[in-house]
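Asker: Requesting a structural model of the entry that follows:
(4 chains)
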Amino acid sequence: MSPEDRRRPQEATIVAPPPGSVADLFAEALPGLEMTPMQGALDVIIQIGRDDAHRVLEAAKHNDKLAFDFLRNLSGVDYEEQGLEVVYHLYSFKHRHNITIRAKVPAEDARIQSATDLWRAADWHEREARDMFGIDFEGHPNLVPILLPDDMLDHFPLRKDNPLAPLEEWQGEILGPKMGDAGYIPPGSGFEATPAAEGEEA
Amino acid sequence: MIGVLKSLTATMGTFMRKPVTIQYPTEHRKVPERERAFPILLWDFNIDEPFCTGCHACERACPVECMTVTMRDNPLFAEGKSKRRKIIDEFYIDYGRCMRCNICVEVCNFDAIAMNNTWSGHELSTVDRKELILDLDQLLDLSKRKDLQAWDPAAETRASTEGRPQPPIAQVGATEDAPAAGEPLTVAERSAEEQDSPPTP
Amino acid sequence: MTNDPDLPAMTYDPELETIDLNINIGPQHPATHGVFRMVLVVDGERVEDLVPHIGYMHRGAEKLSEHMDYRQAIGYQDRTEYLAQFNAELCYVQAVEKLAGLVPPERAEYIRVILAELNRISSHFMFLGAFGTDLGVFGTSFTYAFRERENLLDLFEEVSGDRLMYAYFRPGGVAWDVPHNFVERVKWVCDQALIGAKDLDTLLTDNEIFIARTLNIGKLSIEDAIDFGASGPVLRACGLKFDLRRDEPYSIYDRFDFDIPVGSNGDSYDRYLVRLEEIRQSVRIVRQAIDQMPDGPILPEKLPRALRPAAGEVYMRCENPRGEYGIYLISRGSTQPYRLRIRSSSFCNLAALKHMTVGHYVADAVTILGSIDIVLCEVDR
Amino acid sequence: MALVLWGLFGVDMNVWLDAFLRLQLIVIVMTVTVMALIYVERKFVGRIQMRLGPMRTGPYGTLQSVADAVKLLTKEDLRPATADFWLFELAPYVTFVPVFMTLLALPFMEDWGVRDLQLGLFYIVAVSGVTVIGYIMAGWASDNKYALLGAVRSAAQLISYEIPLILAVLAVSMVAGSLNLNDIILQQDTIPNALLQPLPFLILLTATLAELSRRPFDIPIGESEVVGGPWVEYSGIRWSIIFALTEYAGLWGMAVLGSLVFLGGWEFPFGTSGFWGDFDFLYQMALVFAKSSFLILTMMLISATFPRLRIDQLMAFCWKILLPFGFLQIVINGIVLMYLDSEVTRDIALFATSGALLVAMAYVTYLATRQPSREARVAAMVAARSIQ
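Answerer: This is a model prediction of the structure:
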């Protein structure tokens, strides 16, 4: 493998899950659903479109054979040219099975229906995904920033087009260039030395 | 009522026990040999130069980018005294950034960097965080004074010779006047050395 | 009374001529365990509404990890879960191993499990001490707990070289072997931990005042707990016997015999009891592991110099002291994680805080927050 | 000093000079005692927690209180810009002065107090109740919500616990037949009141902890809830007046009061026979010292052990348990004292009724706080469903 090939992100080879897996239950519960089942390192993954997402999640929660009552994790992923994804990791205490649902969301029109009506656990996770990726969760009762301050609304830190170095520079601008220096007093803090005192020191 | 009295027996019981306090500034707990305080550089007493050749391996591997390294040609190599073609020129470590992950020690090809395993690595408080940026002389100082504790992993690890224990500190003793690598310092020697060592600047 | 739009609206009852009072607890408050902030809307002493504010400690560990290679990112796990560092590291290195197809040697697995369980004990001691302080014990429970935690930290220091930020586990094994007196030290520490647990048990468990302050405070039903995504002792206190170590065994946990303590009521008292009992169960696991621990290598024989897992993704979950700690790791074939998502147990447990607190008194809000046992670095990441 | 001793032995002198010297003596003794108590509490609690306590200043840290005092006195005295000036500045003194005034009526030795009041007990109870006004003033003036919440809590708590305290001392004064502290002490030459009246003794201990806002009743200043309550905005000298002087002088005063009223004071085991002649006051002083030290250490042990109660539980404990049993004690005391003339039967009856009431109170408390047993909890654990 040449160095150039190494630098280019690889795509995971799609391994079909073994027959009889949870993905088949989904195909059974929602006939006609367009989805790509995959076998991950631990769980079965199904990849679906944005518009199907809420229908699938609703079936996952309420269908008796699926009965995914525990939302383990909800996260956003930025796949650059392939767009964003919202990933739901679900677990069923009843049947003790896992599923990973990956819903594709185009980056330029990042919105998806909220899952808060199904699991209250989705509330904070979706707020965080909104902070980090700018995904708009439609129907979320209170989609306000949770981890980031309000003035970070135009920066979505975990998107890949928001690299680390410019973020640090941007923070540096806010904090001031001399913030790291000892004895530095930020302007406007009320502790600035008076000009007379400075003169005395000099 | 009974539970309340039971609680009182707990407190009265511990009142009778011996306190566990160590009176820190006057009394130091012995730190273990594999203590990881902050990275320092090691001094090669055989040739009288640092082990470090300035190869940038640690600088690249550092997760927090706290190191600055430059290398130069080794004058001792030109004289034929040393096998090191290049030698460290300047080395800065910002202890204020360092997260003490030990990765620099693991990636070093020359066993030139080690973690300070004495109390002097912990008592570093200063009034100015610029003083936490150490230069080459300060980084080599501890090793030159031979104040590091000897850590001999061969004596410590048991049958697991296939494993890869981290040996760099054993280098410290590898000179004529210091105890050889196989013999760790006795406790008395260690504590005496600890007390002698002045605090790091 | 301020009219800050950030704060929840106050209600005004014209008949009784009373208005609600907003009380700001945190970010600098003795009871908030870090920089958590909650705004309580109180009517007298009764909490009418609660608005949690988090994010003061957000350091972008996920973003930073994307710019590290797989070994460098271990250090950020310590800093994310700073009371159960070995557990967090274990979860992370297992995620990497799953992707890279590494199988750690037996001895390394045992070392990891022993250290992770001891770390669970130390984390629970931290909870017991801090919980007593939240309830107003004059530091007594705190010092009892810290006395034992100190023994554990000493052991961790002897093993890994650091008291808090261990960075000791590696994908494929552990960084270096344990010291020669490890077995004796672990046995001694286990005995001490049981003594400390007994002290705290005598001090608190049967105390009527303690019971009055915690029983039926912050009740959570099983259904609500699952709905909120709560896990760990908070979920088990509700009465659901669910433990990832038993139900989805990872590492070598299927080789040990241990009980899963559960509560019946889902209140603060049950959470306390569950954690106290988990200390004893962890000691059981450690004792079994130390008896079975084999000799041998601590890293696989073929370990690549730079780890470059094949493209793929894994959601690794571990039972941490505070609940399910998950690492969602996506690799796209480079030396760096493409995406690292930390499913923080405290974050999910904290989401249920409002549900548990509303209707209780101000003093109970502190109790409930303490009983969830949050680690703010883990919440904010 | 000679003048003071002159006054001690009751030689006539100018009334004003005598009063002034006695006051001076009390002030000095109080200050020293407060500093000693702070040191003792830190050491004692340290040992309970398996620590050493202060060790650095002076041998075994004995000068720690002095160092603290110097630090506090030289610290900047902060006042919030929005605070009410007069109330804020006056509140510490309003809190402290009543505590000091209680000390004036205490007979520390036979015939030696600042003043021997005929209604001494009544005076002490009346004066010590004024402290709460200082709490409310501070809480209101600080312009801080924690302070306000703490002030409201303290108002509820201190006023409520004043009543059981009064009932407890009232029961004893009924037995003694006097409100004069000297008379009460002299009446205990064979049996201390703590034996005759165990229930009021327990009520007094509890109410004292509540009155002094000490753990487990430190609800007004509970630092994990209201971060210091009314005193959250105070610092430096004002805070030291509140914390050091009020809290520890109050602790000392109440412990001395308890040892005089319930433990027989300087009278109990040896009587006032005066076998040391003019130097009787030495063993009397030692007796009072030992008894009050015992009470103080008990209170410190309780403080270091228990979690804080919640305000509604505290009020329920006061109004539903302490108060009815206190009233019952007084009624029974009245009946016993009215109908029994012989001293022996009277004492036995007093002890029996009060002991029975104490047991009844313990049982009622047990019923109120009854919890499912450990076995029941274990059974529930076993029966818990494994998976949904």
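Asker: From here on, just use CA atoms for contacts and neighbour counts.
Answerer: Will do.
Asker: Now do the same contact list for the spatially most central residue of chain C.
Answerer: Note on chain C: the residue nearest the mean C-alpha position is C:R322, at 3.0 Å, using C-alpha atoms, centre = their mean. Applying C-alpha atoms under 8 Å, 6 or more residues apart in numbering or on different chains to C:R322 gives the contacts C:S231, C:G232, C:P233, C:S345, C:S346, C:D373, C:I374.
Asker: Spell out, range by range, the helices that occur in the stretch 101-250 of chain C.
Answerer: Using DSSP state H, counting those that start in this stretch, the helices of the stretch 101-250 of chain C run over C:106-135, C:140-160, C:182-200, C:208-214, C:222-227, C:233-237, C:244-247.
Asker: likewise the stretch 251-381 of chain C?
Answerer: Using DSSP H, counting those that start in this stretch, helices in the stretch 251-381 of chain C cover C:268-292, C:345-351, C:353-357, C:362-372, C:376-380.
Asker: I'd like these written out as JSON lines, with mean neighbour count added.
Answerer: Converted to JSON lines, the helices of the stretch 251-381 of chain C look like this (neighbours: other C-alpha atoms under 10 Å in any protein chain shown):
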{"stretch": "helix C:268-292", "mean neighbour count": "21"}
{"stretch": "helix C:345-351", "mean neighbour count": "25"}
{"stretch": "helix C:353-357", "mean neighbour count": "21"}
{"stretch": "helix C:362-372", "mean neighbour count": "24"}
{"stretch": "helix C:376-380", "mean neighbour count": "24"}
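Asker: Surely B:W119 and B:V31 touch.
Answerer: Yes: using C-alpha atoms under 8 Å, B:W119 is in contact with B:V31, at 7.2 Å.
Asker: Mind checking which of those two has more residues around it?
Answerer: Higher neighbour count among B:W119 and B:V31: B:W119, with 21 against 17, using other C-alpha atoms under 10 Å in any protein chain shown.
Asker: For chain A, which of the helices of the stretch 101-250 of chain C is the nearest?
Answerer: Chain A sits nearest to helix C:222-227 of all the helices of the stretch 101-250 of chain C, at 5.3 Å, using C-alpha to the nearest C-alpha.
Asker: in stretch A:136-153, what's buried?
Answerer: The neighbour-count check on stretch A:136-153 (16 or more other C-alpha atoms under 10 Å in any protein chain shown) flags A:D136, A:F137, A:H140, A:L143, A:V144, A:P145, A:I146, A:L147, A:L148 as buried.
Asker: contacting residues around residue 74?
Answerer: No chain was given, so I picked chain A. Listed by C-alpha under 8 Å, 6+ apart, the contact set of A:L74 reads A:V86, A:V87, A:Y88, A:H89, A:A122, A:H125, A:E126.
Asker: my bad, the chain I had in mind was chain B
Answerer: Contacts for B:N74 (C-alpha under 8 Å, 6+ apart) come out as B:R84, B:R85, B:K86, B:I87.
Asker: does the last one count as helix, strand or coil?
Answerer: The one in question is B:I87. Following DSSP: H, G, I helix; E, B strand; the rest coil, the label given to B:I87 is strand.
Asker: Export the contacts of C:R322 to a markdown table and append columns for distance to C:I195 and pLDDT.
Answerer: Converted to a markdown table, the contacts of C:R322 look like this (distance: C-alpha to C-alpha, whole Å; pLDDT from 0 to 100):
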| residue | distance to C:I195 | pLDDT |
| --- | --- | --- |
| C:S231 | 28 | 89 |
| C:G232 | 24 | 89 |
| C:P233 | 22 | 91 |
| C:S345 | 29 | 90 |
| C:S346 | 28 | 90 |
| C:D373 | 22 | 87 |
| C:I374 | 25 | 87 |
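Asker: Make TSV out of those residues and add distance to chain D.
Answerer: Formatted as TSV, the contacts of C:R322 follow (distance: C-alpha to the nearest C-alpha, whole Å):
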residue	distance to chain D
C:S231	14
C:G232	14
C:P233	13
C:S345	20
C:S346	21
C:D373	15
C:I374	16
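Asker: domains of chain A?
Answerer: Here the domain parsing of chain A from automatic domain parsing is A:14-162, A:163-194.
Asker: Comparing those by mean pLDDT, which bottoms out?
Answerer: Lowest mean pLDDT of these: domain A:163-194, a mean of 55.
Asker: can you count the residues close to residue 159?
Answerer: I'll assume chain A. Neighbour count of A:R159, defined by other C-alpha under 10 Å: 19.
Asker: my bad, the chain I had in mind was chain D
Answerer: Using other C-alpha under 10 Å, D:I159 is surrounded by 16 other residues.
Asker: just checking, it touches D:V130?
Answerer: No: between D:I159 and D:V130 there is no contact under C-alpha under 8 Å: 9.4 Å.
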